[in-house]
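> predicted model follows, preceded by the sequence.
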Amino acid sequence: MVKQSKPNEPLVTHIFTADPSAHVFEGKLYIYPSHDIDHDGPTNDNGDQYAMEDYHVLSMDDVNAPCVDHGEVLHLKDIPWASKQLWAPDAAYKNNTYYLYFPARDKEGIFRIGVATSPNPDGPFIPEENYIPGSFSIDPAVLVDDDDRAYVYFGGLWGGQLEKWQKGTFNPEAEGPAPNEPALGPRVAELSEDMLTFKNDPQEVSIIDENGNPILAGDEDRRYFEGPWVHKYNGLYYLSYSTGTTHKIVYAVSDQPRGPFIFKGTILTPVKGWTTHHSIVQFKDKWYLFYHDCSLSDGVNHLRCVKYTELKYNEDGTIQTIHPYGE
Ligand code: FUB
């Protein structure tokens with residue numbers, strides 16, 4: 001039986017999916033999720049339980065239409081530089097080509113960001129031989145701006161190794177800043193015309209409060225943890241992200257793609273499960289939040305399912321907080 005899609009329900013139930021990056025391509029909604037798998041390996045703060053090995057692409061003709069699984073579009077064994085853990089991907093369209101950006105550990109166990117290409121939004125995607133030079137950490141999210149310049153935002157703490165890169169090279173012993181020091185921000189790099197390399201070294205994105213002070217590392221309700229997403233609304237750039245340990249999706253706003261971003265508030269209160277990860281997309285005349293939780297596995301942290309719900313703005317451009325299970 002064909003199953004219609006509904007808000008706040010798993011989009012697919014035959015596989016576990018997470019980290020949904022949603023885009024409108026060719027008039028349809030395409031979702032690029034992680035593909036969670038079960039295994040007997042360890043569970044820890046390093047994220048070893050997230051042992052994903054491939055990507056599937058999902059699509060919907062409309063928000064209530066059945067969600068189609070286009071099957072496996074890229075597998076770990078076909079990525080020459082990667083060793084394990086295909087985490088949260090994103091996709092972009094430019095140059096008549098679809099680009100899939102994805103993090104994975106390289107052969108030394110260091111997270112890097114790779115790119116794979118396809119003439120079609122539903123793949124299959126052919127990976128580049130090597131990861132993007134100068135890339136590190138996880139959770140790439142790409143904004144192709146109205147002037148056609150493209151930016152990739154990325155970075156995640158703990159298993160995502162962002163704190164290991166504070167001095168520009170990988171230091172496996174490095175820890176995050178003290179609670180009273182500025183939190184680490186995500187990184188942003190402009191992509192080259194061919195979308196395959198960074199134009200410049202990645203820069204840290206600054207997230208500040210309404211008085212211009214940096215959000216501190218100890219401010220776990222507001223500080224950046226992982227899962228950046230940048231969308232534009234009324235000419236402003238909205239950076240949204242997970243706060244990790246406090247399990248919220250929050251956001252900050254800027255008039256520049258590289259920030260600084262001023263913290264505004266909470267988009268999504270905690271979902272069932274440790275991680276929370278989202279994307280925001282306009283489809284037809286409405287806006288949608290794509291997110292995941294662990295309801296399909298009844299709470300197993302590494303067996304998640306992607307969902308969507310409508311997202312609404314207030315007149316002043318702020319976003320109304322979403323309570324996924326009601327207030
Ligand atoms: O899916 C693996 C990791 O969990 C992602 O990269 C993070 O954003 C978190 O959702």
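Sure, I can see it.

> contacting residues for the nearest residue to F154 once chain neighbours are set aside?
Nearest non-adjacent residue to F154, counting by CB to CB, 6 or more residues apart in numbering: P140, 4.5 Å away. In this view, the C-beta of every residue, glycine as well, is placed from N, C-alpha and C. Neighbouring residues of P140 by CB atoms under 8 Å, 6 or more residues apart in numbering: A88, P89, D90, Y101, F102, P103, I113, V152, Y153, F154.

> would CSV of the residues you listed with pLDDT, secondary structure and distance to D61 be doable?
Converted to CSV, the contacts of P140 look like this (pLDDT from 0 to 100; DSSP: H, G, I helix; E, B strand; the rest coil; distance: CB to CB, whole Å):
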residue, pLDDT, secondary structure, distance to D61
A88, 98, coil, 25
P89, 99, coil, 22
D90, 99, strand, 22
Y101, 99, strand, 25
F102, 99, strand, 25
P103, 98, strand, 30
I113, 98, strand, 31
V152, 98, strand, 29
Y153, 99, strand, 29
F154, 99, strand, 31
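
> can I get the residues you listed in a markdown table including neighbour count and distance to H75?
Formatted as a markdown table, those follow (neighbours: other CB atoms under 10 Å; distance: CB to CB, whole Å):
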| residue | neighbour count | distance to H75 |
| --- | --- | --- |
| A88 | 30 | 17 |
| P89 | 30 | 13 |
| D90 | 27 | 18 |
| Y101 | 25 | 16 |
| F102 | 28 | 12 |
| P103 | 28 | 15 |
| I113 | 26 | 18 |
| V152 | 26 | 23 |
| Y153 | 26 | 26 |
| F154 | 29 | 22 |
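
> just the closest of the residues you listed to the ligand, please.
Each of those was checked against the ligand using CB to the nearest ligand atom; the closest is A88, at 3.7 Å.

> the closest one touches P103, doesn't it?
Yes - the criterion here is CB atoms under 8 Å, and A88 meets it with P103 at 6.9 Å.

> quickly list what's touching both of those two.
I138, D139, P140.

> so where do the strands sit in the stretch 151-300 of the chain?
Under the criterion DSSP state E, counting those that start in this stretch, the stretch 151-300 of the chain contains strands at 187-190, 203-204, 207-208, 226-233, 236-242, 249-254, 261-268, 278-283, 286-293.

> which residues sit against the second one?
For strand 203-204, the external contacting residues (CB under 8 Å, 6+ apart) are L184, G185, P186, R187, V188, A189, R258.

> any idea how far the ligand is from A22?
Distance from A22 to the ligand, counting by CB to the nearest ligand atom, to the nearest Å: 15 Å.

> quick check: that residue is in a helix.
No - per DSSP: H, G, I helix; E, B strand; the rest coil, A22 lies outside any helix segment and is strand.

> residues in the chain within reach of the ligand, list them.
Contact residues (CB under 6 Å from any ligand atom) of the chain with the ligand: 18-19, 34, 50, 87-88, 138-139, 156, 226-227, 275, 277.

> all good on my end, thank you.
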